[in-house]
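> Return atomic coordinates for the entry below.
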Amino acid sequence: METKYNRTDSPKLWRDMTDAEKGALLLAHHKGKVIEFARRGDLSAGWNRVAGGSGWLEDYAYRVRPEPKVETVTLNGNDIRFSWCLKGHRITFNLIDGKPDRASIKMEEL
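Numbering: from 1, shown residues only. Model (predicted):
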């Protein structure tokens, strides 16, 4: 999954990172976290997944992939357009980074 930079990103090239920042990345990689990278001249293109993390390049920015933002949405049958067929039911589902997670859809009778 590729994610674009946003205003809260502050990419830092490997060569400009402190030993503590490099150590944190190496430890995260060791723990199985996904490390993403971006090329210095192409920072607006977004983050890419590091395949094996076997090398760290001076002109690349690195970060631990952020955890996805999960929100739960609840809809009552009476509140939506086709309430005649959903009346007396509640529908819940999750949004993961703003996109519906179809596997999380649940419907229950009220």
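
> hey, let's count contacts and neighbours off CA atoms from now on
OK.

> Spit out the contact partners of Cys85.
Gly77 (CA atoms under 8 Å, 6 or more residues apart in numbering).

> my read: Ile35 touches His29, true?
Yes - counting by CA atoms under 8 Å, His29 is a contact partner of Ile35 at 6.5 Å.

> more crowded one of those two?
Neighbours were counted for Ile35 and for His29 using other CA atoms under 10 Å; Ile35 has more, 21 against 16.

> bridging residues for that one?
Here Ile35 shows beta-bridge partners Val64, assigned using DSSP bridges.

> Tell me how far the residue nearest the centre of the chain lies from Asn78.
What sits nearest the mean C-alpha location of the chain, by CA atoms, centre = their mean, is Pro68, with 3.7 Å. From Pro68 across to Asn78, the span is 31 Å (CA to CA, to the nearest Å).

> Then Met107?
In terms of CA to CA, Met107 sits 13 Å off from Asn78.

> Find residues that contact each of the two.
What both Met107 and Asn78 touch, as defined by CA under 8 Å, 6+ apart, is the set His89.

> tally of neighbours for Leu26?
17.

> Using the three-state scheme, assign Ala28.
What DSSP: H, G, I helix; E, B strand; the rest coil gives for Ala28 is helix.

> From Trp56, how far out is it?
Counting by CA to CA - Ala28 and Trp56 are separated by 14 Å.

> returning to that earlier point: thought the residue nearest to the centre of the chain was touching Asp97?
Yes - counting by CA under 8 Å, Asp97 is a contact partner of Pro68 at 5.8 Å.

> ok, residues contacting the longest strand seen in the chain?
Using DSSP state E to define each element, the chain has its longest strand at strand 99-109. With contact meaning CA under 8 Å, 6+ apart, strand 99-109 is reached by Gly88, His89, Arg90, Ile91, Thr92, Phe93, Asn94, Leu95.

> Can you say which of these are buried?
Buried positions within those, assessed by neighbour count (16 or more other CA atoms under 10 Å), are Arg90, Phe93, Asn94, Leu95.

> Let me know whether the second one touches Val70 as I believe.
Which is Phe93. No - Phe93 is not in contact with Val70 according to CA under 8 Å; the separation is 10.2 Å.
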